[in-house]
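**Q** no letters, just coordinates:
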């Protein structure tokens, strides 16, 4: 278990016990995997895992779009205070109806941004969650009725945004969000069901316009270790969306956001990729090519510099973020 996860369990347990953001009933230990834990909420109060300003809107949005909560119960988010999906929503979903503030957040990464454009699942919605693309571009397995579920059993970007650039072109960004994750070296080539996963993605890998630098890659099999397996699928999804000009986009890129403080995530898990770089993200940056279709930034860099003026009246949200995730402001190291 990672050191960052252990420190966040202690931080989140203290936050729950002392902050004003929870009801008294929610402060008790929550049951998680059959055991009472201080860094979890009682299941019936799991919605309090979300920033108060988005609790109703996020729950309604996930229900209306049929999005699955990771580790959730009864239409509510996970009760684990270190849950990555919850963390992503706490940081990003308050900007769903705040395009001006969202521009200020993204401009350091995308300096050519002119204005945000809504992705019209709901009118004037500027952040969408668990985006899987409008078509099954990757040829992944579907349910018996042929439908796919956002957030479960297929490649989903944690969030997506769209903006117009100063050159007049339209860009979609698929956001991959990490929080306390760390990975071992378990190979994922073969699923528990016995399915050979390489067979699903090999047609995309072998195409002439493959977005992965195959000359640098030791073998296709070397990608089937987390987080490289996720990187590969996200890059394929972005590439196929761009080819299809989904949402009218001229460019579709992947933005990876993770805490620089979580050094456990940086581990190179694939035995054959260690010669390409010192961290998982630096290796993927090389493999994804020189066209800026994969960009990495630390959570600290992106959010730690924000002030009340930059966040356009979102002071309550900023106070919440800096109280619940204090490492965002105290550490501003660049993404490795």
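**A** Happy to help now that I have it. Just so we're clear, the structure is a prediction, and the values are computed from it rather than from any experiment.
**Q** which residues in the protein form helices?
**A** Using DSSP state H, the helices found in the chain span residues 3-18, 55-65, 84-92, 99-106, 197-206, 228-244, 280-287, 299-303, 315-324, 327-330.
**Q** most tightly packed of those?
**A** Mean neighbours per residue, mean count of other C-beta atoms under 10 Å, is largest over these for helix 84-92, with a mean of 23. Using the backbone N, CA and C atoms, a C-beta is placed for each residue, glycine as well.
**Q** looking at the helices of the chain, which is nearest to residue 165?
**A** Residue 165 lies closest, by C-beta to C-beta, to one member of those: helix 99-106, at 11.4 Å.
**Q** what about the most centrally placed residue in the chain, distance to residue 316?
**A** Most central residue of the chain, judged by C-alpha distance to the mean C-alpha position with C-alpha atoms, centre = their mean, is residue 177 at 2.4 Å. In this structure, residue 177 lies at 22 Å from residue 316, with C-beta to C-beta, to the nearest Å as the measure.
**Q** wait, which of the helices of the chain is closest to residue 142?
**A** Shortest distance between residue 142 and the helices of the chain, using C-beta to C-beta, is found for helix 197-206: 12.1 Å.
**Q** average pLDDT for that closest one, rounded please.
**A** Average pLDDT, helix 197-206: 96.
**Q** what's the answer for stretch 147-160, then?
**A** Looking at stretch 147-160 alone, the average pLDDT works out to 94.
**Q** list the contacts for the nearest residue to residue 233 once chain neighbours are set aside?
**A** Beyond its immediate neighbours in the sequence, the residue positioned closest to residue 233 (C-beta to C-beta, 6 or more residues apart in numbering) is residue 155, lying 4.2 Å away. For residue 155, the set of contacting residues under the criterion of C-beta atoms under 8 Å, 6 or more residues apart in numbering consists of 132, 138, 140, 233, 234, 236, 237.
**Q** count the residues that sit near residue 210.
**A** 15 (other C-beta atoms under 10 Å).
**Q** isn't it up against residue 204?
**A** Yes - assessed by C-beta atoms under 8 Å, residue 210 is found in contact with residue 204 at 6.8 Å.
**Q** which residue ranges form the strands in the stretch 1-150 of the chain?
**A** In order along the chain, the stretch 1-150 of the chain carries the following strands (DSSP state E, counting those that start in this stretch): 30-32, 35-37, 113-117, 128-131.
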